[in-house]
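>>> Just to be clear, the model below is a prediction. Sequence and coordinates:
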Amino acid sequence: MSTDLPMFARIVDPLPYEDKLEARPLDRIDLVVIHCTELPDLAMAREYGERILHASGTGNSGHYYVDRDGSVHVYVRPERVAHHVRGYNPRSVGIELVNTGRYPNWLATGSQTMQEPYTAAQLASLDALLADLQRELPGLRFIAGHEDLDTACEPASDDPDVLVRRKMDPGPLFPWDAVLRTTTLRRLLP
């Protein structure tokens, strides 16, 4: 693991398959997608990110992970296309905020509320990261939540007759108004 020190400290710890992800020029990126891990901690988020899910030998992961203490971890550098949101990966970077979300019963009917607030340290680091990304990525113009872009529903895991949202992150406790006041990025709502 190495440490890179651009505008603020980022812990660069690429996923083992990062070099297998499609390369792209940085000027193709115009969108930041905000996620929450919906997992209890950064270690489990890393474990999920390392899982090989695709024939290419890659898995699903964001680019940046912001832990509850505000530390920023780079699992996939932005010059690679990470698998983090259906239909928008080639043009976006994904930022994952560590948060339990609906864990562990993501799709169960009784688990469709998100109760963990984001920490002040996470939000301060997110603001700084967004400012840095706007300097580093010349085409960056938009921001969205995962829930804004992936609106699909699935049968609930405990009741197939009930449909629940596949993705709800970053969820109702994410302070969109406060975040949008600190950036010139415009919210993308399809």
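Nice, I can see it.
>>> count of neighbours near the nearest residue to R28 once chain neighbours are set aside?
Nearest residue to R28, sequence neighbours excluded (Cβ to Cβ, 6 or more residues apart in numbering): R91, at 6.2 Å. Using the backbone N, CA and C atoms, a C-beta is placed for each residue, glycine as well. By other Cβ atoms under 10 Å, the residues close to R91 number 15.
>>> and if you look at A152?
9.
>>> The nearest residue to V72 once chain neighbours are set aside pairs with what?
The shortest distance from V72 to any non-neighbouring residue, by Cβ to Cβ, 6+ apart, is to R10 (4.7 Å). Beta-bridge partners for R10, by DSSP bridges, are D4.
>>> and the nearest residue to A108 once chain neighbours are set aside, what is it in contact with?
The shortest distance from A108 to any non-neighbouring residue, by Cβ to Cβ, 6+ apart, is to D158 (4.7 Å). D158 makes contact with N105, A108, T109, G110, according to Cβ atoms under 8 Å, 6 or more residues apart in numbering.
>>> can you name the two of those residues that are farthest apart?
N105 and T109 (9.1 Å; Cβ to Cβ).
>>> where does the residue nearest to A108 fall, phi/psi-wise?
phi -110, psi 0 (degrees, to the nearest 10).
>>> ditto for R181
Dihedral angles for R181 - degrees, to the nearest 10 - are phi -70, psi -20.
>>> Tell me, how many residues neighbour it?
9.
>>> Y64 now?
The burial count for Y64: 24, using other Cβ under 10 Å.
>>> can you check G57 too?
Neighbours of G57 (other Cβ under 10 Å): 12.
>>> how about the residue of the chain positioned farthest from its centre, secondary structure?
Computed with Cα atoms, centre = their mean, the residue of the chain farthest from its C-alpha average is D161, at 29.6 Å. Secondary structure state of D161, per DSSP: H, G, I helix; E, B strand; the rest coil, is strand.
>>> Please apply the same query to P40.
Going by three-state DSSP: P40 is coil.
>>> didn't it look like it was pressed against Y103?
Yes: under the criterion of Cβ atoms under 8 Å, P40 makes contact with Y103 at 6.1 Å.
>>> Could I get the contacts of D158 in CSV, plus columns for distance to E79 and neighbour count?
Conversion of the contacts of D158 to CSV gives the following (distance: Cβ to Cβ, whole Å; neighbours: other Cβ atoms under 10 Å):
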residue, distance to E79, neighbour count
N105, 36, 13
A108, 38, 15
T109, 41, 14
G110, 42, 10
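>>> tell me the phi and psi of V74?
Dihedral angles for V74 - degrees, to the nearest 10 - are phi -100, psi 110.
>>> May I see the buried residues of stretch 39-49?
L39, L42, A45, R46, G49 (16 or more other Cβ atoms under 10 Å).
>>> Excluding chain neighbours, what is closest to the third one?
What it means is A45. In space, A45 is closest to T37, 4.4 Å off (Cβ to Cβ, 6+ apart).
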